[in-house]
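Trainee: got a predicted structure here, sequence first:
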2 protein chains.
Amino acid sequence: MSPTPARTSRDAIVAAARSLLEEEGLDAVTMANVAARVGVRPPSLYKHVRDRGALIAAVADEAARDLGLLMDEAVGAVSGEGADARLLRAAVAFRVHAGRSPRSVALVFAGLGGNLQPSVEMAAVAARPLLEVSAELAGPDRALVAARALTAFAYGFCSMEQGRAFRFGGDVDDAFRAGIEALIRGLAA
Amino acid sequence: MSPTPARTSRDAIVAAARSLLEEEGLDAVTMANVAARVGVRPPSLYKHVRDRGALIAAVADEAARDLGLLMDEAVGAVSGEGADARLLRAAVAFRVHAGRSPRSVALVFAGLGGNLQPSVEMAAVAARPLLEVSAELAGPDRALVAARALTAFAYGFCSMEQGRAFRFGGDVDDAFRAGIEALIRGLAA
DNA sequence: ACCTGAACACCGTTCAAGT
DNA sequence: ACCTGAACACCGTTCAAGT
């Protein structure tokens, strides 16, 4: 019975912003581009999201949720596998994900130049799987410290790799593997 | 004898862009803001820099040079100090620097959303001190791998810290120290 | 040789007016 | 209740015109 039914939705808007981010970068996530993708004029977006910042924060939240699901799966126990082997698998999965969706990963961890972040709740969901295996590796009282170190390394490495910061030759796959193994070894000791 | 002497210079322009970046963020580095700081109209800037991208790349180069000088100093041998202790000092110095100049650091390592980077030459200068101590720690043939791991951890950690990504409590200083020590231990083994 | 105002094609955002 | 065109204050960049 509404005078005019909604011609788009918040979900469609966030999805359009998300694909724009991944395909063309944060600069391409303009209200004009998003509006065009959902078939509406830019001012109409403000009926569904507060402003561009809130839209990008919503994208960050979705990206964090997906990352959490991915980690949950990657970390799943395989018969007879120790915490070290499971963390190595999780790190490799994270790197593959970062290679496929570099801008989403940057958005989740560093806000991509803006000050937007996922909500604490979503961050907690995304972090849980890693925290559990970290507790196995380093003990419950050092789980947070270990998870932070592993995340810092993996995110830092992939962020630099995607930003083409490794420009002195050498085997990048090797550096990632050696680094994560050294860190896991050091944290378990 | 020039018809009109230059009222500004490339150096002054880059310096203005740099302070704008650190004080207000990359979005504030507009041609209008930079021009106002050097006392000129925006179109005049194009006589000194190709475009905004080239200006930001020049800022990245200066930031990389400064970081290299800082690392060179931090890594300097103290009597009887091993490679592990020197790397720990370098990492702590890097973190202090990242706390003071977070946006410059982000620009050097990840391009800050744009695709700008320091030149390879400047990156090589900035990386040399770390590579030398890494060779001491892990042996010459593993120096690059070790330096990459240490950089990835330190940059990732500080980037997350500055982006307020550590939101589950705990001692962040402790996490940094434990992480870098674990990594150094693992790389030396 | 450098600087300038005017212009162009864009932004994000607001708001009164339509349906 | 949602969508729209028009408007406002901004961008980066180009260019002919000034000195």
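Mentor: Received, thanks. Residues are numbered from 1 along each chain as shown, chains lettered A, B, ... in the order given.

Trainee: okay, now the domains of chain A?
Mentor: Domain assignment of chain A by automatic domain parsing yields the ranges A:1-49, A:60-188.

Trainee: nearest to DNA strand D, out of those domains?
Mentor: domain A:1-49 (3.1 Å; Cβ to the nearest atom of the strand). In this view, the C-beta of every residue, glycine as well, is placed from N, C-alpha and C.

Trainee: distance from the closest one to the middle of the chain?
Mentor: Relative to the centre of its chain, domain A:1-49 is centred 22 Å away, using Cα atoms, centre = their mean, to the nearest Å.

Trainee: so does it get close to chain B?
Mentor: Yes: Domain A:1-49 lies within reach of chain B by Cβ under 8 Å from any Cβ of the partner chain, at A:25-27.

Trainee: mind giving me the ChimeraX select for these, buried ones only?
Mentor: Buried residues among these (16 or more other Cβ atoms under 10 Å in any protein chain shown), as a ChimeraX selection:
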select /A:26
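
Trainee: okay, the domains of chain A, which one's buried deepest?
Mentor: domain A:60-188 (a mean of 20; mean count of other Cβ atoms under 10 Å in any protein chain shown).

Trainee: before we move on, the earlier item: out of the residues of domain A:1-49 next to chain B, who's nearest residue A:168?
Mentor: residue A:25 (26.1 Å; Cβ to Cβ).

Trainee: so is residue A:164 in a helix, a strand, or just coil?
Mentor: Assigned with DSSP: H, G, I helix; E, B strand; the rest coil, residue A:164 falls in the coil class.

Trainee: ok, it to DNA strand C distance?
Mentor: Residue A:164 is 26 Å from DNA strand C, where distance means Cβ to the nearest atom of the strand, to the nearest Å.

Trainee: so how far is residue A:65 from the nearest residue to that residue once chain neighbours are set aside?
Mentor: In this structure, residue A:164 finds its nearest non-sequential neighbour in residue B:117, 6.9 Å apart by Cβ to Cβ, 6 or more residues apart in numbering or on different chains. With distances taken as Cβ to Cβ, to the nearest Å, residue B:117 is found 31 Å from residue A:65.

Trainee: so the spatially closest residue to residue A:66 that is not a sequence neighbour is in which element?
Mentor: Nearest residue to residue A:66, sequence neighbours excluded (Cβ to Cβ, 6+ apart): residue A:104, at 7.7 Å. Assessed by DSSP states H and E, residue A:104 sits inside helix A:102-110.

Trainee: many thanks, I have nothing further to ask.
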